[in-house]
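A.B. asks: 3D model of this:
(one chain, ligands or ions: 1)
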Amino acid sequence: MIFTRGTTEAINLVAYSFGQRFREGDEIVISTIEHHSNIVPWQMLCERTGAVLRVIPVNDDGDLDLDAYAALLSPRTKLVSIVHVSNALGTVNPVREMIRMAHDVGARVLVDAAQSVQHLPIDVREMDCDFLAFSGHKLYGPTGIGVLYGKRELLESMPPWQGGGDMILSVTFEKTTWNALPYKFEAGTPNIAGAIGLGAAIGYYQSLDLAAVIMREVTGLSIVGNAKVKASVASFTLCAIHPHDIGTILDRHGIAIRAGHHCAQPTMKRFNVPATARASFALYNTVADVDALLDGIDRVLEVFA
Ligand SMILES: Cc1ncc(COP(=O)(O)O)c(C=O)c1O
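C.D. replies: Take a look at the predicted model:
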């Protein structure tokens, strides 16, 4: 486990360090429903090396097309980097099966767990992912701290990505040698307060049971993303009301949702919407919160009647 600033930095670490072995024509497979942080570092790597980005399509429900995924995989595939739970749609991807398929062609797999650590139990050994990244603040911890998990032999074989204190064993002007894991990838004074805060957040999280939430039907409300397996994220549109207007009116009633493209512009384009409103249920939400949201949506409809 390597401490990073968050999921974004963890993915960039892999793109920089593991990316050193990429050559022209190598392929990286991602999906249509990735967060920008799991798109842009790979585009930058492709620019540097001549590698090629391949994208798994998604169907109208928000499920990845696994037949298309199988067809994309080949001995040219060096890495598959996929989101576990989509922040924009709530889709829970079948990562265990996708990892097995990637391993069959000799590819490594990175799992973006930014939205799954707080919703699903994660066992990296059982999942058999090669890398997994998450952010502390998505798990009710502090910002500026996150984790990259990597298989030991893989991390051993990768060069450091930032130089400085702590990541070295010895320094001379002639030659510098690297420290052991995880320090090799943790140059400079670490975010000590953040790591302690993250530990406390994980302790809190592990002391709780997760509850299920059921929504009643609202006329004019259309859920974007109806994947077979979903996390507690409801991305929606409401009649032709702009999501930012929905967000503003709900905010006046004390309800915080997120409105916008959710750092997933390719996903919005795929579903022909400029943005969605997104209610994201956390383990501290109560049934009263859900009722308040539904009442708030009624207020929005009244304003725009
Ligand atoms: C699925 C997903 N991946 C990656 C990220 C990036 O996380 P961070 O900004 O903490 O690095 C987010 C943040 O919203 C996310 O939802």
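
A.B. asks: tell me which residues in the biggest helix by length in the chain are buried?
C.D. replies: Looking across the chain with DSSP state H, the single longest helix is helix 287-303. For helix 287-303, burial by neighbour count (16 or more other C-beta atoms under 10 Å) applies to 290, 292-293, 296-297, 300-301. Backbone N, C-alpha and C define where each C-beta goes, glycine included.

A.B. asks: how about the strands in the stretch 101-250 of the chain?
C.D. replies: 108-112, 131-135, 146-150, 168-171, 176-178, 221-223, 233-238 (DSSP state E, counting those that start in this stretch).

A.B. asks: what is the longest helix of the chain packed up against?
C.D. replies: strand 233-238, helix 243-252 (3 or more C-beta pairs under 8 Å, 6 or more residues apart in numbering; DSSP states H and E).

A.B. asks: quick one, the last one and strand 233-238 angle?
C.D. replies: What that stands for is helix 243-252. With axes from the mean of the first three to the mean of the last three C-alpha atoms, to 10 degrees as the basis, helix 243-252 and strand 233-238 are set at 110 degrees to each other.

A.B. asks: list the contacts of helix 243-252.
C.D. replies: Contacts to helix 243-252, defined as C-beta atoms under 8 Å, 6 or more residues apart in numbering, come from residues 237-238, 256-260, 275-277, 293, 296-297, 299-300, 303-304.

A.B. asks: buried residues in that helix?
C.D. replies: For helix 243-252, by 16+ other C-beta under 10 Å, it's 243, 246-247, 249-250.

A.B. asks: tabulate these (CSV), appending distance to the ligand and pLDDT.
C.D. replies: Putting these into CSV (distance: C-beta to the nearest ligand atom, whole Å; pLDDT from 0 to 100) gives the following:
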residue, distance to the ligand, pLDDT
243, 16, 96
246, 20, 96
247, 16, 97
249, 24, 96
250, 20, 96
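
A.B. asks: picking that back up, in JSON lines: the helices and strands packed on helix 287-303, plus distance to residue 271.
C.D. replies: Shown next, in JSON lines, are the helices and strands packed on helix 287-303 (distance: least, C-beta to C-beta, whole Å):
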{"stretch": "strand 233-238", "distance to residue 271": "9"}
{"stretch": "helix 243-252", "distance to residue 271": "13"}
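
A.B. asks: show me the one of the ones you listed that comes nearest residue 15.
C.D. replies: For residue 15, the closest of the helices and strands packed on helix 287-303 is strand 233-238, at 25.9 Å, according to C-beta to C-beta.

A.B. asks: pretty sure residue 45 is in contact with residue 15, am I right?
C.D. replies: Yes - the pair residue 45 / residue 15 is scored as a contact, 4.8 Å apart, by C-beta atoms under 8 Å.

A.B. asks: can you name the residues of the chain that neighbour the ligand?
C.D. replies: Near the ligand, the residues belonging to the chain are 6-8, 35, 37-38, 83, 87, 112, 114-115, 135, 263 when assessed by C-beta under 6 Å from any ligand atom.

A.B. asks: out of those, name the ones that lie in helices.
C.D. replies: Those of the residues of the chain next to the ligand lying in helices (DSSP H): 7-8.

A.B. asks: ok so, going back, need the overlap of contacts for residue 45 and residue 15.
C.D. replies: Here residue 45 and residue 15 have no joint contacts, going by C-beta under 8 Å, 6+ apart.

A.B. asks: whichever of the residues of the chain next to the ligand end up buried, select them in ChimeraX.
C.D. replies: In ChimeraX, this line selects whichever of those come out buried by 16+ other C-beta under 10 Å:
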select :6,7,8,35,37,38,83,87,112,114,115,135,263
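
A.B. asks: spatially, which two of the residues of the chain next to the ligand are the most separated?
C.D. replies: Among the residues of the chain next to the ligand, the pair separated by the greatest distance (C-beta to C-beta) is 6 and 83, at 14.6 Å.

A.B. asks: quick check: mean pLDDT of stretch 269-281?
C.D. replies: Across stretch 269-281, pLDDT averages out at 94.

A.B. asks: equivalent analysis for stretch 43-60, please.
C.D. replies: Here the average pLDDT along stretch 43-60 is 98.

A.B. asks: could you do stretch 158-169 as well?
C.D. replies: Averaging pLDDT along stretch 158-169 gives 97.

A.B. asks: end to end on that stretch, go ahead and measure it.
C.D. replies: The first residue of stretch 158-169 is 16 Å away from its last residue (C-alpha to C-alpha, to the nearest Å).
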